[in-house]
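*Asks:* build the 3D model from these lines:
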Amino acid sequence: MKLRQLQLLLAVARNEMNISAAAAALNTSQPSVSRQIIQLEEEIGVPLFTRRKNRIAGLTPAGEAAFESARQVENQITNIDLIAREARNPHQGSFSIVTTHLHARYTMLKPMLAFRRNYPDVQVSLMQADGDSIQDIVRNGDADIGMGVIGPEDKEVPGLIILRGKLLRRVAIFPKDHPLASKRDITLAEICTYDLIGFTKDSRTHHVVNQSLHDLGLNPNISVRVNDSDVVKSYVSIGLGVGIVPEITISANDEVVTYDITEQMPSRYISVILRDDMYLRESMIALLSSIHPHWNGDSLRQKMRTKQMS
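*Replies:* Numbers count the residues shown, from 1 in each chain. Next up, the predicted model:
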């Protein structure tokens, strides 16, 4: 069995069983891919792919297991290369982060500025994605680090380490002349007697807020739906309604009054997502620890060792 055969197995599966696309991805020919896949199957004695009319259609159960093992081999080879590069110069290199607009815009803003001062030659690629897809993107190796939000009910995911950080606080916001702006104790029920600036239905914030209100039997009138907290703040400031946004989106320049409703909402925590077989570079740890002090080198490596032994 050769490393090249494993690379071909991965390429075919990742390119939706398209031999031509796999060949192009590895800069080789289609006949070469087909021949080496057949040789691999003959060598191990079981089919890795299902076929229809001599065309590859999918992975067999053995193929799925082989794909996962080949992916782990690929990751370890990458880790060895990263270890060598970091040993030569820990202040160079690159890595990628996938997160939502919320964290790219607010959570990571100041940490990224500090990181650039300390690691000017490390390139960070910041990808924005829907919160529900972040785990898959990290698991598939399309990003090194994921940052999202989890709840207490979320469970461990095979192949991933999910570290819980700070509680994501939420606030109700009102125009400065609103009747609730001067009140001290405000309930969600009171908030819902007024028009609400809501989030679009594909938004993670929409699901959290909507579930909270539904559980209380509340059905507010949604005057406008948007997909960004800054837009919510703007619309609230001109009197189109009230809103509920993450506290980290609020600044001193916002023309709104806030009231903390975190305790009235489901708990959600800012979290970091890592593959459990990845090599954590010094530069990665520096950025993560600046976002949350508990995400330091010792705690991250201990968590990875614990996960790998379980």
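
*Asks:* surely D142 touches V98?
*Replies:* Yes: at 7.3 Å, D142 counts as touching V98 under the criterion of C-beta atoms under 8 Å. Yep, even glycine has a C-beta here, placed from its N, CA and C like the rest.

*Asks:* neighbour count winner among these two?
*Replies:* When D142 and V98 are compared for neighbours, V98 comes out ahead with 25 against 14, by other C-beta atoms under 10 Å.

*Asks:* any idea which element the more buried one lies in?
*Replies:* Using DSSP states H and E, V98 maps to strand 93-99.

*Asks:* partner strands of that strand, with direction?
*Replies:* Using DSSP bridges, strand 93-99 pairs in its sheet with strand 122-128 (parallel), strand 145-150 (parallel).

*Asks:* what residues sit buried inside stretch 56-75?
*Replies:* Across stretch 56-75, burial judged by 16 or more other C-beta atoms under 10 Å covers I56, L59, G63, A66, F67, A70, R71, E74, N75.

*Asks:* tell me the contacts of the fourth one?
*Replies:* Contacts for A66 (C-beta atoms under 8 Å, 6 or more residues apart in numbering) come out as L9, I44, L48.

*Asks:* quick check: which element contains P220?
*Replies:* Using DSSP H and E, P220 sits in no helix or strand.

*Asks:* and for it, nearest residue in space, chain neighbours not counted?
*Replies:* Among residues not flanking P220 along the chain, C192 sits closest, at 3.8 Å (C-beta to C-beta, 6 or more residues apart in numbering).

*Asks:* quick one: residues contacting the one you found.
*Replies:* Taking C-beta under 8 Å, 6+ apart, we find C192 in contact with L213, L218, N219, P220.

*Asks:* same thing but 7 Å
*Replies:* By C-beta atoms under 7 Å, 6 or more residues apart in numbering, the contact list for C192 reads L213, L218, P220.

*Asks:* quick one, phi psi at it?
*Replies:* Main-chain torsions, C192, degrees, to the nearest 10: phi -80, psi 0.

*Asks:* cool, and L40?
*Replies:* Dihedral angles (degrees, to the nearest 10) for L40: phi -60, psi -40.

*Asks:* for it, list the residues it contacts.
*Replies:* The contact partners of L40, by C-beta under 7 Å, 6+ apart, come to M1, Q5, L9, L48.

*Asks:* same question, I285
*Replies:* Counting by C-beta under 7 Å, 6+ apart, I285 touches N296, G297, L300.

*Asks:* swap in M147?
*Replies:* I97, T99, H103, T107, V272.

*Asks:* can you name the residues bridging to the first one?
*Replies:* Pointing back at I97 there. Beta bridges link I97 to L126, I145, judged by DSSP bridges.

*Asks:* so how far is V124 from it?
*Replies:* In this structure, I97 and V124 are 6 Å apart, going by C-beta to C-beta, to the nearest Å.

*Asks:* what of the third one?
*Replies:* For H103, the distance to V124 equals 13 Å [C-beta to C-beta].

*Asks:* the more surrounded of those two?
*Replies:* Taking neighbours as other C-beta under 10 Å, H103 and V124 compare with H103 leading, 26 against 19.

*Asks:* tell me which residue is most central in this structure.
*Replies:* I134 (3.0 Å; C-alpha atoms, centre = their mean).

*Asks:* next one: that one from T78, what distance?
*Replies:* 20 Å.

*Asks:* got it, and E68?
*Replies:* 16 Å.

*Asks:* pick the one among the contacts of L40 closest to D228.
*Replies:* Using C-beta to C-beta, L9 comes nearest to D228 of the contacts of L40, at 41.8 Å.

*Asks:* and that closest one, how many residues sit next to it?
*Replies:* Other residues within reach of L9 by the criterion other C-beta under 10 Å amount to 25.

*Asks:* and for the one 10 residues further on?
*Replies:* Taking other C-beta under 10 Å as the criterion, the count of residues near I19 is 20.

*Asks:* what's it in contact with, if anything?
*Replies:* By C-beta under 7 Å, 6+ apart, I19 lies in contact with V12, Q30, V33, S34, I56.

*Asks:* now, which of these lie within helices?
*Replies:* If you go by DSSP state H, these have V12, Q30, V33, S34 in helices.

*Asks:* give the buried subset of the residues you listed as a PyMOL selection command.
*Replies:* Buried members of the ones in helices among the contacts of I19, defined by 16+ other C-beta under 10 Å, are picked up in PyMOL with:
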select buried, resi 12+33+34
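
*Asks:* between the ones in helices among the contacts of I19, which is closest to D185?
*Replies:* Distances from D185 to those, taken by C-beta to C-beta, are shortest for V12, at 61.3 Å.

*Asks:* isn't the closest one up against A22?
*Replies:* Yes: V12 is in contact with A22 according to C-beta atoms under 7 Å; the separation is 4.4 Å.

*Asks:* I'm done for today, thanks for sticking with me.
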